[in-house]
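Chemist: using only what follows, build the 3D model:
(one chain, ligands or ions: 2)
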Amino acid sequence: MLNEGRIDLLERAPLLKRLLKARAFQPAMMLATLLVFTLAILAGIAGTPAGSRNFGIVFVWIVWWALLIVVLVPFFGRLWCTICPIPAPGEWLQRRAIVRRGAARLWTRGLRWPRRLKNMWLQNFGFLAVALFSTIILTRPGVSAWLLLSFLLAGVLLSALYKNRVFCRYVCPVGGFIGLYSLVSPVELRVADPNVCADHKTKDCITGNEFGYGCPWMVFPGSLTRNAYCGLCFECLKTCPKNNIVLNLRPFGSDLTVAKERRLDEAYKAFIMLGCALLYSAVLLGPWGWLKDWANMDTLPHWALYAASFLSANLVLLPGLFGLSVWIGRSASGSGQPLRRLFVDYAYTLIPLGLAAWIAFSTGFVLVNGSYALTVLSDPFGWGWDLFGTAGMHWTPLGATIIPFLQVGVLTAGLMAALNTAYKIARQHGIPHRAAFVEALPVSGFALVVTVGFLRLYLG
Ligand code: SF4
Ligand code: SF4
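Modeler: Ligands and ions are numbered 1, 2, ... in the order given. All right, here's what the predicted structure looks like:
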């Protein structure tokens with residue numbers, strides 16, 4: 001049963017439903033975030049080059065990042081995409097309207113997005129590129145600002161060329177991992193009854209009507225079984241004349257065991273996210289100062305070596321070792337499943353573990369560096385202003401004694417979720433309990449070793 005064990009939040013909270021159906025809600029939120037985003041870009045370009053004194057660095061890479069990865073993604077899935085400022089100018093141009101329902105035809109060249117790119121690969125390589133230069137991006141306000149500006153311009157350009165949110169769906173490096181990790185979230189947008197959709201001839205959620213646009217994310221709500229590609233824009237809530245859209249509260253990780261849409265590009269996203277979390281932790285928290293220097297481009301040959309190792313670890317080493325553990329499990333259990341299928345299926349066990357690793361890493365980072373937010377709030381450009389009387393605040397790292405406990409707790413929860421997912425995936429291969437246990441065992445061992453690696457880095 002599609003909605004079994006779910007609580008429909010819209011039914012429980014009619015005010016929430018009214019809010020989400022209001023045409024002004026999403027643009028109002030986007031305008032607010034666009035304002036902050038613009039300030040971050042201006043501060044990056046015109047403000048102080050000292051990262052810890054610059055609003056662009058502190059609010060994007062500490063405040064926003066922590067909010068996104070510690071709160072929004074794990075608990076609300078793609079809710080950030082509801083209010084994200086990056087696609088806003090392009091979308092408003094396409095619609096030639098911000099709040100009211102604009103012209104039926106979108107203002108765009110309407111080109112066809114290449115079939116070959118209808119997947120996560122561009123997002124995977126985009127994220128790797130950003131991650132590779134992250135020590136530069138995260139500390140140099142100017143570089144960070146130009147990167148943010150280039151995202152905004154790419155959003156406008158792609159909106160002018162292609163219909164709907166092609167940038168969000170296929171290009172945005174942030175959107176890619178939000179989509180994957182939102183499989184874990186306990187909130188989902190679905191239809192109450194798929195049969196109502198099947199019988200509904202006009203499919204207003206696809207075509208749009210006077211109340212809203214056809215799905216900007218190019219998905220059909222009637223066949224949604226996972227959170228990955230629904231951007232929670234709530235257009236279908238406005239357009240559906242059958243009142244068939246629900247916003248459910250559900251158990252964590254519900255989408256991880258949805259078998260039918262698993263793909264290699266998503267599997268690689270799981271490896272890249274886990275690998276980057278591991279490498280970030282090693283570079284920023286590990287005892288190897290020389291590694292940090294290499295990542296910071298102390299010399300070009302050092303950085304080239306770092307880049308080659310970074311890419312090989314993410315694209316070859318981690319997937320290779322994981323593939324080996326899948327192969328061992330397959331051989332030991334006598335499973336008749338193709339190796340590629342098992343490789344892709346089991347990669348989904350790394351989603352809760354990767355998310356937990358990012359939460360653990362970011363929690364430590366934000367508690368230690370979060371106090372910079374108060375300073376830059378009063379002096380966003382580092383020009384000596386003191387708007388709210390907090391500019392003189394000194395760096396005050398918080399929670400030094402509780403951070404390790406939080407990290408151990410989060411990583412243990414992530415590992416437990418990974419082991420549970422591995423066993424459930426094994427059972428989906430139609431094998432009995434004992435064989436499923438054997439098939440999933442090496443993958444579980446892999447997850448355990450990775451978790452111990454994280455703990456070594458965090459606890460020293
Ligand atoms: S408009 Fe509503 S009922 Fe019709 S197809 Fe879309 S979601 Fe289903
Ligand atoms: S399915 Fe509905 S909420 Fe999700 S992206 Fe499409 S229109 Fe927006």
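Chemist: okay, and the beta partners of Asp8?
Modeler: Counting by DSSP bridges, Asp8 is bridged to Asn248.
Chemist: enumerate every residue touching it.
Modeler: Shown in contact with Asp8 (C-beta atoms under 8 Å, 6 or more residues apart in numbering): Ala192, Val246, Leu247, Asn248. Using the backbone N, CA and C atoms, a C-beta is placed for each residue, glycine as well.
Chemist: one more time with 10 Å, if that's ok
Modeler: Lys17, Arg190, Ala192, Ile245, Val246, Leu247, Asn248, Leu249 (C-beta atoms under 10 Å, 6 or more residues apart in numbering).
Chemist: and the chain, which residues reach ligand 1?
Modeler: Proximity of the chain to ligand 1 (C-beta under 6 Å from any ligand atom) is limited to residues 191, 196-197, 200, 203-205, 221-222, 236, 240, 242, 244-245.
Chemist: ok, 8 Å please
Modeler: 191, 196-197, 200, 202-206, 220-222, 236, 239-245 (C-beta under 8 Å from any ligand atom).
Chemist: report the buried members of those residues.
Modeler: By neighbour count, with 16 or more other C-beta atoms under 10 Å, those hold 191, 197, 200, 203-205, 221-222, 236, 239-240, 244-245 as buried.
Chemist: rewinding a little: the contacts of Asp8, buried ones only, as a PyMOL selection?
Modeler: To isolate the buried members of these in PyMOL, using 16+ other C-beta under 10 Å:
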select buried, resi 17+190+192+245+246+247+248
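Chemist: tell me which element Thr38 falls in.
Modeler: Assigned by DSSP states H and E, Thr38 belongs to helix 25-46.
Chemist: nope, Leu189 is what I was after
Modeler: Element membership for Leu189 (DSSP H and E) is strand 187-191.
Chemist: alpha carbons only: can I get that strand in PDB?
Modeler: Presented in PDB, the C-alpha positions along strand 187-191 are these (Å, rounded to 0.1, in the frame of the first residue of the first chain):
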ATOM      1  CA  VAL A 187       9.000  13.700   4.500                       C
ATOM      2  CA  GLU A 188       7.600  12.800   1.000                       C
ATOM      3  CA  LEU A 189       5.300  14.300  -1.600                       C
ATOM      4  CA  ARG A 190       3.200  11.600  -3.200                       C
ATOM      5  CA  VAL A 191      -0.400  11.100  -4.600                       C
END
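Chemist: so whichever helix or strand comes after that strand, near ligand 2 or not?
Modeler: Proceeding N to C from strand 187-191, the next assigned helix or strand is helix 194-199, under DSSP H and E. No - judged by C-beta under 8 Å from any ligand atom, helix 194-199 stays clear of ligand 2, getting no closer than 11.4 Å.
Chemist: centre of the chain to the next helix or strand after helix 194-199, how far?
Modeler: Moving toward the C-terminus from helix 194-199, the next helix or strand (DSSP H and E) is helix 204-207. Once both centres are worked out by C-alpha atoms, centre = their mean, to the nearest Å, helix 204-207 turns out to sit 26 Å from its chain's centre.
Chemist: close to ligand 2, is helix 204-207?
Modeler: Yes - residues of helix 204-207 contacting ligand 2 under C-beta under 8 Å from any ligand atom: Cys205.
Chemist: make CSV out of the contacts of Asp8 and add distance to Ala400 and pLDDT.
Modeler: Below are the contacts of Asp8 laid out as CSV (distance: C-beta to C-beta, whole Å; pLDDT from 0 to 100):
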residue, distance to Ala400, pLDDT
Lys17, 44, 98
Arg190, 43, 98
Ala192, 48, 97
Ile245, 46, 98
Val246, 44, 98
Leu247, 39, 98
Asn248, 39, 98
Leu249, 35, 98
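Chemist: now for the lowest-mean-pLDDT helix or strand in the chain, which elements pack on it?
Modeler: Scoring the helices and strands of the chain by mean pLDDT, DSSP states H and E places helix 134-137 at the bottom, with a mean of 91. Helices and strands touching helix 134-137, by 3 or more C-beta pairs under 10 Å, 6 or more residues apart in numbering; DSSP states H and E, are helix 141-161, helix 264-285, helix 289-295, helix 300-312.
Chemist: what comes up buried for that helix?
Modeler: Ser134, Thr135, Ile137.
Chemist: hmm, Val143 and the last one touching each other?
Modeler: Yep, that's Ile137 we're talking about. Yes - using C-beta atoms under 10 Å, Ile137 is in contact with Val143, at 5.4 Å.
Chemist: give the residues shared as contacts by the two.
Modeler: Here Ile137 and Val143 share the contacting residues Ile57, scored by C-beta under 10 Å, 6+ apart.
Chemist: where along the stretch 1-150 of the chain do the helices fall?
Modeler: Using DSSP state H, counting those that start in this stretch, the helices found in the stretch 1-150 of the chain span residues 9-12, 14-21, 25-46, 55-57, 65-66, 73-76, 79-83, 88-95, 121-132, 134-137, 141-161.
Chemist: which one of those helices lies nearest to ligand 2?
Modeler: The closest of the helices of the stretch 1-150 of the chain to ligand 2 is helix 79-83. By C-beta to the nearest ligand atom, the value is 8.1 Å.
Chemist: dump the closest one to PDB, keeping only the CA atoms.
Modeler: Extracted in PDB, the C-alpha atoms of helix 79-83 (Å, rounded to 0.1, in the frame of the first residue of the first chain):
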ATOM      1  CA  LEU A  79      13.000  21.500   1.100                       C
ATOM      2  CA  TRP A  80      16.000  23.600   0.300                       C
ATOM      3  CA  CYS A  81      15.000  23.300  -3.400                       C
ATOM      4  CA  THR A  82      11.700  25.000  -2.500                       C
ATOM      5  CA  ILE A  83      13.500  28.200  -1.400                       C
END
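Chemist: residues from the protein in reach of ligand 2?
Modeler: Going by C-beta under 8 Å from any ligand atom, the residues of the chain near ligand 2 are 189, 205, 212-221, 224, 229-237, 239, 245.
Chemist: okay, buried residues for stretch 449-460 please.
Modeler: By neighbour count on 16+ other C-beta under 10 Å, the buried set for stretch 449-460 is Val450, Thr451, Phe454, Leu455, Leu457, Tyr458.
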